[in-house]
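*Asks:* Can you look at this prediction? I've put the sequence above it.
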Amino acid sequence: MYDQLFKCRPQRFAVAVNTLLTTITCSFVGMTYAAETASFADQCQEMAMKSKFSIAFEDVQLVRDNTRNLDELRRLSQLTPSPYHFVYGLTRAQAKAEYEIHPVMLTGADGSICATPSILVKIGLSELTVYLAKELINPCKRAAVDDHEQEHVNTWRSHLRAGTRLFEPVLRRSLMRPFYFTRADEVQPGLKRQIDAVLGPLLDNLQKGITANHGEIDSPYSYRITSQRLGACP
């Protein structure tokens, strides 16, 4: 069984009872003025071609907690109730998505501004804990439940790693262009809106894939297999 705590902001990225925490850092690399030798639009386009997009996966060490009894795990499991699980084991994960914006701005002769963002996105886990009921003193039964929980652990890690590979070309295709503003104070919120509009659906689809995979692991068939293993233990 698993309990998902995928946090993000804004709220449309929310799942379960929490939200995916997105940390945004803006660092303005600099503002320059358009040269006389090329059109403002051409210089903005050239500047956009130098934008950088980087996606990184950040893992966390798995924590194992064997101190909770069945009643305590049952109470923890109420976050994601299921009629199939025995609450001998529980996996809790908190995923995170953070991005930093490093814009470069160019000012035209009429005072208009174009800005291009370089973006660093970090996707990963800030918490990953597997709970096994302390009543599982039989090594055979403990191994059967632990194997089931390990499937949830692998799902979190594999899907989040896949996200780092899939996000970059989409971000590059959508955001590697100049964005135009009339004032400098419009740049940060304006770029953030553009990035959120692209990153939001990507995170939403990633979450849906993770949830679907967890559902397969926690299916009646999967629990039946685990029950058979438990029944075969001495």
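*Replies:* Happy to help now that I have it.

*Asks:* could you say which helix or strand contains residue 210?
*Replies:* helix 187-217 (DSSP states H and E).

*Asks:* With residue 102 instead?
*Replies:* strand 89-107.

*Asks:* List the neighbouring strands of the next helix or strand after that strand plus their orientation.
*Replies:* Later in the chain than strand 89-107, the nearest helix or strand by DSSP H and E is strand 113-132. Here strand 113-132 has these sheet partners by DSSP bridges: strand 53-58 (parallel), strand 63-65 (parallel), strand 89-107 (antiparallel), strand 179-181 (antiparallel).

*Asks:* buried set for strand 113-132?
*Replies:* Within strand 113-132, the residues that qualify as buried are 113-119, 121-125, 128-132, counting by 16 or more other C-beta atoms under 10 Å. Bear in mind the C-beta positions are built from the backbone N, C-alpha and C, glycine included.

*Asks:* what do you get for stretch 182-193?
*Replies:* 187-188, 190-191.

*Asks:* could you dump these to a markdown table with pLDDT and distance to residue 164?
*Replies:* Shown next, in a markdown table, are those (pLDDT from 0 to 100; distance: C-beta to C-beta, whole Å):
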| residue | pLDDT | distance to residue 164 |
| --- | --- | --- |
| 187 | 91 | 27 |
| 188 | 89 | 25 |
| 190 | 94 | 26 |
| 191 | 93 | 21 |
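
*Asks:* So which of the residues you listed is the closest to residue 143?
*Replies:* Proximity of these to residue 143 (C-beta to C-beta) peaks at residue 191, which lies at 50.3 Å.

*Asks:* Might one say that the closest one is in contact with residue 105?
*Replies:* No. Assessed by C-beta atoms under 8 Å, residue 191 is found out of contact with residue 105, at 10.0 Å.

*Asks:* Find residues that contact each of the two.
*Replies:* Common neighbours of residue 191 and residue 105, using C-beta atoms under 8 Å, 6 or more residues apart in numbering, are residue 115.

*Asks:* what packs against the longest helix anywhere in the chain?
*Replies:* Counting residues, the longest helix found in the chain (DSSP state H) is helix 139-175. Applying 3 or more C-beta pairs under 8 Å, 6 or more residues apart in numbering; DSSP states H and E, one finds that helix 139-175 makes contact with strand 2-6, strand 53-58, strand 89-107, strand 113-132, helix 187-217, helix 220-232.

*Asks:* Give the buried residues for it.
*Replies:* Neighbour count says helix 139-175 has 141-142, 144-146, 148-149, 151-153, 155-157, 159-160, 163-164, 167, 171, 175 buried, by 16+ other C-beta under 10 Å.

*Asks:* sorry, back to before: just put the buried residues of stretch 182-193 in TSV and tack on distance to residue 87.
*Replies:* Output for the buried residues of stretch 182-193, formatted as TSV (distance: C-beta to C-beta, whole Å):
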residue	distance to residue 87
187	51
188	46
190	48
191	46
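
*Asks:* Appreciated, that's everything.
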